[in-house]
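S.K.: let's see this in three dimensions:
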Amino acid sequence: MKDKIKACIYKHLYLFVLFIIIPIALLENRFSWFNKFINSNNVESNFSNLATISGTMIGFLITAMTIFFSMPKESQMMKEVLRYEHHKTFIYTIIFGTVAFGVTIILWLFGPQMLKIAVYSFIAGIAEIATTIYYLYNLIMGNFIDFLLHG
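M.R.: Numbering: from 1, shown residues only. Next up, the predicted model:
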């Protein structure tokens, strides 16, 4: 039973963003964490910086996808990833992260009144980055260990 729950969590890890963004939204409404960022004198500059960082993060996600596709498919680690369809989860994570950061950039085009939504979108993208790093680390280490053991 424990393994089935763990497998279900890993299969749908790209939905991790919901477990991050919902509590942050609730806590932000209660404590107004983003007010200093949103109501500052440099709102346009803050928003521009957020959009710039989002573009950089999209670049990171594309790089992570490239690393994933360049991994040797004949390694034992990649065979397991493909067998359990974790490659789909990894790709969904990259797609959702790219969309979240893309939404941040698009909202920047509409002006400062969209900043609060853009911050939520940015946080969602950061959650997807964390998931991508987790997957990428495990893939790289698994392939490295496989290489050491089997040459």
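
S.K.: for the residue nearest the centre of the chain, which three-state class applies?
M.R.: Geometric centre of the chain, nearest residue: Glu128, 1.5 Å, by CA atoms, centre = their mean. Three-state call for Glu128 (DSSP: H, G, I helix; E, B strand; the rest coil): helix.

S.K.: thought it was touching Phe96?
M.R.: Yes - the pair Glu128 and Phe96 qualifies as a contact (CB atoms under 8 Å) at a distance of 5.2 Å. The way it works is simple: take the backbone N, C-alpha and C, and place the C-beta from them, glycine included.

S.K.: got a list of what the closest residue to Met114 other than its chain neighbours touches?
M.R.: Spatial nearest neighbour of Met114, chain neighbours left out: Leu107 (4.1 Å); criterion: CB to CB, 6 or more residues apart in numbering. Going by CB atoms under 8 Å, 6 or more residues apart in numbering, Leu107 touches 114-115, 117-118, 121.

S.K.: tell me how far Tyr134 lies from Phe47.
M.R.: 29 Å (CB to CB, to the nearest Å).

S.K.: so Gly142 versus Thr131, what's the distance?
M.R.: 16 Å.
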